[in-house]
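A.B. asks: missing the sequence, but the structure's below:
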């Protein structure tokens, strides 16, 4: 083998090792997740590319690597906190969802006239203007946003009414409202079972979440072992139909913390 050949072999080995390390790092600690829908606006936008901290709640069969995965339950479990933005596996169809954790085991959750109640107490909201975006196709599915200011044409401004909501543990976040008196605005009382959680999208009128039964395509209650991890940081964000279109990347969302 010549010196040149040896150099090529070493380069290939270095690349292979780097890929293996990157793969192990992804498997063990973080998972990338591309936001496909508007259910978490304005916290997460269509096209946000987020890193999910898979160690936040300990490993489960959906987040831990290979033979370490427990058949059920969680390994090295820690407790999720109300207000966390969580990626989880849908209990029925197996797809990955991202929503905000609203109800803990034992909680009673209800929506009345668009206002959230936890254990009988109102969760306060303060008006915070409007969330505005351009009406245009978004993401690979080229879906168009829903607007509180009626039907608007492409290129026009689509508005949603925005409020700041403060959960009982002090976590404050934006919620959006598109229309009043929808089914999701007025619900029965949901009693969260032990070992399960209740999730909602921040874009309240555009989220199939725990308010909706699994039999109708909703999320329902989510078992603890279905939690994949906490969405901690937006690495970059594409306003186009592909994350590869770098000229559509949103300059204000690089390395932005998820709140």
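C.D. replies: Yep, that arrived. Being a predicted model, the structure only gives us computed values, none of them experimental.

A.B. asks: Helix, strand, or coil at residue 215?
C.D. replies: Recorded secondary structure, residue 215: helix (DSSP: H, G, I helix; E, B strand; the rest coil).

A.B. asks: any idea how far residue 35 is from residue 224?
C.D. replies: Applying CB to CB, to the nearest Å, the value for residue 224 to residue 35 is 23 Å. To be clear about C-beta, it is placed using only N, CA and C from the backbone, and glycine gets the same treatment.

A.B. asks: So for the two, which sits in the more crowded spot?
C.D. replies: residue 35 (23 against 20; other CB atoms under 10 Å).

A.B. asks: dump the residue contacts of that one.
C.D. replies: By CB atoms under 8 Å, 6 or more residues apart in numbering, the contact list for residue 35 reads 44-50, 98, 139.

A.B. asks: between those, which is nearest residue 194?
C.D. replies: residue 98 (23.8 Å; CB to CB).

A.B. asks: For the closest one, which non-adjacent residue is spatially closest?
C.D. replies: Nearest non-adjacent residue to residue 98, counting by CB to CB, 6 or more residues apart in numbering: residue 87, 4.9 Å away.

A.B. asks: Please apply the same query to residue 141.
C.D. replies: Ranked by CB to CB, 6+ apart and with sequence neighbours excluded, the top spatial neighbour of residue 141 is residue 36, at 6.6 Å.

A.B. asks: What residues does that neighbour make contact with?
C.D. replies: By CB under 8 Å, 6+ apart, residue 36 lies in contact with 46, 139-141.

A.B. asks: and what of residue 95?
C.D. replies: By CB under 8 Å, 6+ apart, the neighbours of residue 95 are residue 89.

A.B. asks: swap the cut-off to 10 Å and go again
C.D. replies: Residue 95 makes contact with 36, 89, according to CB atoms under 10 Å, 6 or more residues apart in numbering.

A.B. asks: What of residue 119?
C.D. replies: So residue 119 contacts 103-104, 106-110, 168, 189 (CB under 10 Å, 6+ apart).

A.B. asks: which of those are buried?
C.D. replies: Neighbour counting by 16 or more other CB atoms under 10 Å classes 103-104, 107, 109-110 among these as buried.

A.B. asks: Adding secondary structure and distance to residue 233 as columns, could you present those residues in a markdown table?
C.D. replies: Listed next are the buried ones among the contacts of residue 119 as a markdown table, based on DSSP: H, G, I helix; E, B strand; the rest coil; distance: CB to CB, whole Å:
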| residue | secondary structure | distance to residue 233 |
| --- | --- | --- |
| 103 | strand | 25 |
| 104 | coil | 24 |
| 107 | coil | 28 |
| 109 | strand | 28 |
| 110 | strand | 32 |
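
A.B. asks: From those, pick the one nearest residue 79.
C.D. replies: residue 104 (8.3 Å).

A.B. asks: Could you give the backbone dihedrals for the nearest residue in space to that closest one that is not next to it in sequence?
C.D. replies: Leaving out its chain neighbours, the residue that sits closest to residue 104 by CB to CB, 6+ apart is residue 82, at 6.0 Å. Main-chain dihedrals, residue 82, degrees, to the nearest 10: phi -60, psi 130.
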